[in-house]
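J.: got a structure for you, letters missing:
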Ligand code: GLA
């Protein structure tokens, strides 16, 4: 007898569970849409294998030790034993109390009376983006403490064919590096224990059959959490794999007192039959409509930034900064962001974090004169802060040494000479709110660059070695502080920066509107960094700056056009000393800023595709209504072919004609003669239909290494 399935379906993806009498529903499907309403029960489709426990366990929505689950359970936790050694409750076994189900959501209410635990599993589908949001919530119904070591926010099946994984690695100035591996017989796992989601462990993973750019079944999972996390893909005895993701806890970090509950962060999952780009489009849509919260409820055109960091570092001088703002305004900058170095005695990175008032030597009349000057030029003013941190050499530390997270009796562990404040203490968060609130009240500040420059080693509070780990509490307190600040100053945008891109996820993005992607402004390195970033996160929040000609992090030198062509696809800005540029370079910079303004609507609201072909990398963004597209092709290094391949631009209207206008084509010293089609591309007289663009593609000129072609396509019919 076929059994009715519990399903949640969108256009392109679906999940299906099989209800089980008295037990926890089984996983039947997570993947393509088009499911039947009912199916054979799994028990009738599987023979009992030899040498297995009787009643061999199938993969359920919640797998626990209780019945004999030998892979990683969804819940790991226990009670401390009493004097007689009684306690435990580590081998749980849940039954279903209730199932609430409508077209877009599902709630499973479970209980384990023996272990005195209640547990809820929540599933929600957003039909527009095709992203599922899952979370779990555990309740301690016992009379003693229950220690939680792991609770998966999501635990879902992957079919045996999904044998390729794309994970993320990195380090400072080299974030979001994509690594492809074949899944094997052992588990694949990434843990983050740094207290922020870190340069080396972005909380997302993609699995597919081929991991091709535009086709093939592809699954993606992302944890909306800015602290520690674990991602696990583990083979199951039936040939499938389980994917689990959730928060990583330090030993004894999470202990539920009787009656207490723990809710996991949200896990975002999606499936696309359209390869990596199909999957990214789902996540971009989801973040745009369900996660990001803009001042006034709508994203205004992203203002072009001038960031002072690589222009002046700590060397702040009022007259010089005013001149920098003048030069920035002339080339078309719209927001001036004053970076590190503006506050009390901050001349380098050894001191003063915590002392959030203007340095009286550099700003004798406070920030007012500079803010007014910038505003007078018609630019917005933005300010760098790093509120979660404290330098031992600061007035704040001298007044409140106990506010920093450290363990008494242990040596002080600093990073960039700083300690982390214990935000979970109300007086600490109140103090920070007070300082920031005062700055925002005193000055017309439109934007905060909220930095966070160290890992949370010994994120613990308490005395002696007994202090309890405070990673989870730190992240929660950070969200609360950001929310409080945004409620008090709803017009202020906030950027999430963490030594570049060490804190980017859908959790922090509920409170922030931009991510500083990387401290590396080298355009060549940025191609890979931004490619990884864009797998889950949309381009309009991706901070992307034109850095100095010679990169401060790699020493490589690039023409302005290459630097601009790479930054063009993000939230654009300049992080260089515009005052030092000659007239020609200023004019060229102004042209690129104007190009960005002309195309940001398409890039920041459009559908993004990306890919590589040998040493070539390309990006395309097309308007949702198919009226325009911006296309870039980058050459990373030389290759044998003498010609560049044409670049297909699918997704436009096949029947309409588009005029191609090159924003930039590099000049080649050794070209023997031109080609009419590239002259037309330069002159903006080349016209192609959407059908031609999709099949034959856009002709591309040869490119020297570390150069780019950028072409805008606008419908003319
Ligand atoms: C971090 C940020 C940089 C800059 C410096 C200032 O490294 O990522 O952009 O703000 O701090 O100290």
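T.: On my side now, so go ahead. Please read these numbers as outputs of a predicted model, since none were measured by experiment.

J.: Return the nearest residue of the stretch 551-700 of the chain with respect to the ligand.
T.: Closest contact between the stretch 551-700 of the chain and the ligand, by CB to the nearest ligand atom, is at residue 575 (8.0 Å). Using the backbone N, CA and C atoms, a C-beta is placed for each residue, glycine as well.

J.: so that residue makes contact with residue 307?
T.: Yes - between residue 575 and residue 307 there is a contact under CB atoms under 8 Å: 4.4 Å.

J.: Identify the contacts common to these two.
T.: residue 545 (CB atoms under 8 Å, 6 or more residues apart in numbering).

J.: List, one by one, the residues from the stretch 1-150 of the chain near the ligand.
T.: Residues of the stretch 1-150 of the chain lying near the ligand by CB under 6 Å from any ligand atom: none.

J.: What residue in the stretch 1-150 of the chain comes nearest to the ligand?
T.: residue 131 (29.0 Å).

J.: again, but for the chain
T.: residue 340 (3.4 Å).

J.: From what I see, that residue and residue 346 are in contact.
T.: Yes - Residue 340 is within contact range of residue 346, at 6.9 Å (criterion: CB under 8 Å).

J.: which neighbours do the two share?
T.: With CB under 8 Å, 6+ apart, residue 340 and residue 346 have common neighbours residue 314.

J.: Who are the contact partners of the residue lying closest to the residue of the stretch 551-700 of the chain closest to the ligand once chain neighbours are set aside?
T.: Spatial nearest neighbour of residue 575, chain neighbours left out: residue 545 (4.0 Å); criterion: CB to CB, 6 or more residues apart in numbering. Taking CB under 8 Å, 6+ apart, we find residue 545 in contact with 305, 307, 521, 567, 572-576.

J.: swap in residue 245?
T.: So residue 245 contacts 152-154, 203, 205, 221, 223, 229-232, 267 (CB under 8 Å, 6+ apart).

J.: Could you give the bridge partners of it?
T.: residue 154, residue 231 (DSSP bridges).

J.: Next: residue 495.
T.: Applying DSSP bridges to residue 495 yields these beta-bridge partners: residue 449, residue 514.

J.: before we move on, back to that, so which of the contacts of residue 245 wins on neighbours?
T.: Greatest neighbour count in the contacts of residue 245, by other CB atoms under 10 Å, goes to residue 203: 31 neighbours.

J.: domain assignment for this structure?
T.: For the chain, automatic domain parsing gives the domain ranges 3-271, 295-604, 611-715.

J.: Any chance of those in CSV with distance to residue 287 and mean pLDDT as columns?
T.: Converted to CSV, the domains of the chain look like this (distance: least, CB to CB, whole Å; pLDDT from 0 to 100):
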stretch, distance to residue 287, mean pLDDT
domain 3-271, 8, 95
domain 295-604, 6, 96
domain 611-715, 15, 94
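
J.: Turn the contacts of residue 545 into JSON lines, including distance to residue 214, secondary structure and neighbour count.
T.: Below are the contacts of residue 545 laid out as JSON lines (distance: CB to CB, whole Å; DSSP: H, G, I helix; E, B strand; the rest coil; neighbours: other CB atoms under 10 Å):
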{"residue": "305", "distance to residue 214": "32", "secondary structure": "strand", "neighbour count": "26"}
{"residue": "307", "distance to residue 214": "35", "secondary structure": "strand", "neighbour count": "26"}
{"residue": "521", "distance to residue 214": "30", "secondary structure": "coil", "neighbour count": "30"}
{"residue": "567", "distance to residue 214": "25", "secondary structure": "helix", "neighbour count": "25"}
{"residue": "572", "distance to residue 214": "26", "secondary structure": "strand", "neighbour count": "29"}
{"residue": "573", "distance to residue 214": "30", "secondary structure": "strand", "neighbour count": "28"}
{"residue": "574", "distance to residue 214": "33", "secondary structure": "strand", "neighbour count": "29"}
{"residue": "575", "distance to residue 214": "33", "secondary structure": "coil", "neighbour count": "25"}
{"residue": "576", "distance to residue 214": "36", "secondary structure": "coil", "neighbour count": "24"}
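
J.: Let me have those residues in CSV, extended by distance to residue 8.
T.: Formatted as CSV, those follow (distance: CB to CB, whole Å):
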residue, distance to residue 8
305, 41
307, 43
521, 43
567, 39
572, 38
573, 40
574, 45
575, 44
576, 49
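
J.: Which stretches in the protein count as helices?
T.: 42-45, 275-286, 309-312, 318-331, 368-376, 395-399, 426-442, 471-488, 523-533, 560-567, 583-605, 676-683, 690-695 (DSSP state H).

J.: Out of these, flag the one nearest residue 12.
T.: helix 275-286 (7.8 Å; CB to CB).

J.: picking up where we left off before, pop out the phi and psi values for the residue of the stretch 551-700 of the chain closest to the ligand.
T.: phi -130, psi 70 (degrees, to the nearest 10).

J.: For residue 551, see how far away it is.
T.: Computed with CB to CB, to the nearest Å, the distance linking residue 575 and residue 551 is 11 Å.

J.: joint contacts of these two?
T.: residue 521.

J.: Now do the contacts for residue 78.
T.: Contact analysis of residue 78 by CB under 8 Å, 6+ apart lists 87-90, 146-147, 149.

J.: 10 Å instead, please
T.: Residue 78 makes contacts with 65, 87-92, 115, 145-149, as judged by CB atoms under 10 Å, 6 or more residues apart in numbering.

J.: what do you get for residue 28?
T.: Contacts of residue 28 (CB under 10 Å, 6+ apart): 3, 5-7, 15-18, 35, 39-42, 58-59, 157.

J.: Surely residue 133 is in contact with residue 224?
T.: Yes - using CB atoms under 10 Å, residue 133 and residue 224 qualify as a contacting pair, with a distance of 8.2 Å.

J.: Overlap of the contact sets of these two?
T.: By CB under 10 Å, 6+ apart, the residues touching both residue 133 and residue 224 are 153, 266-268, 291, 506.

J.: what separates the residue of the chain most remote from its centre from residue 92, distance-wise?
T.: Residue farthest from the centre of the chain, counting by CA atoms, centre = their mean, is residue 84 at 48.3 Å. Applying CB to CB, the value for residue 84 to residue 92 is 21 Å.

J.: Show me the strands in the stretch 601-717 of the chain, by range?
T.: 607-613, 616-622, 628-635, 657-664, 686-689, 707-715 (DSSP state E, counting those that start in this stretch).

J.: gap between the second one and the chain center?
T.: Read it as strand 616-622. Put simply, strand 616-622 sits 20 Å off its chain's centre (CA atoms, centre = their mean, to the nearest Å).

J.: Now do it and strand 628-635, the angle between them.
T.: Orientation of strand 616-622 against strand 628-635 (axes from the mean of the first three to the mean of the last three CA atoms, to 10 degrees) gives an angle of 170 degrees.

J.: ok, which residues in the stretch 401-550 of the chain are in contact with the ligand?
T.: So the stretch 401-550 of the chain meets the ligand at 451, 453, 497, 499-500, 516, 519 (CB under 6 Å from any ligand atom).

J.: Go again with 5 Å.
T.: The stretch 401-550 of the chain comes close to the ligand at residues 497, 499-500, 519, as judged by CB under 5 Å from any ligand atom.

J.: before we move on, what about the stretch 251-400 of the chain?
T.: So the stretch 251-400 of the chain meets the ligand at 309, 339-340 (CB under 5 Å from any ligand atom).

J.: TSV for these, including neighbour count and distance to residue 237?
T.: Below are these laid out as TSV (neighbours: other CB atoms under 10 Å; distance: CB to CB, whole Å):
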residue	neighbour count	distance to residue 237
309	22	53
339	21	54
340	21	54
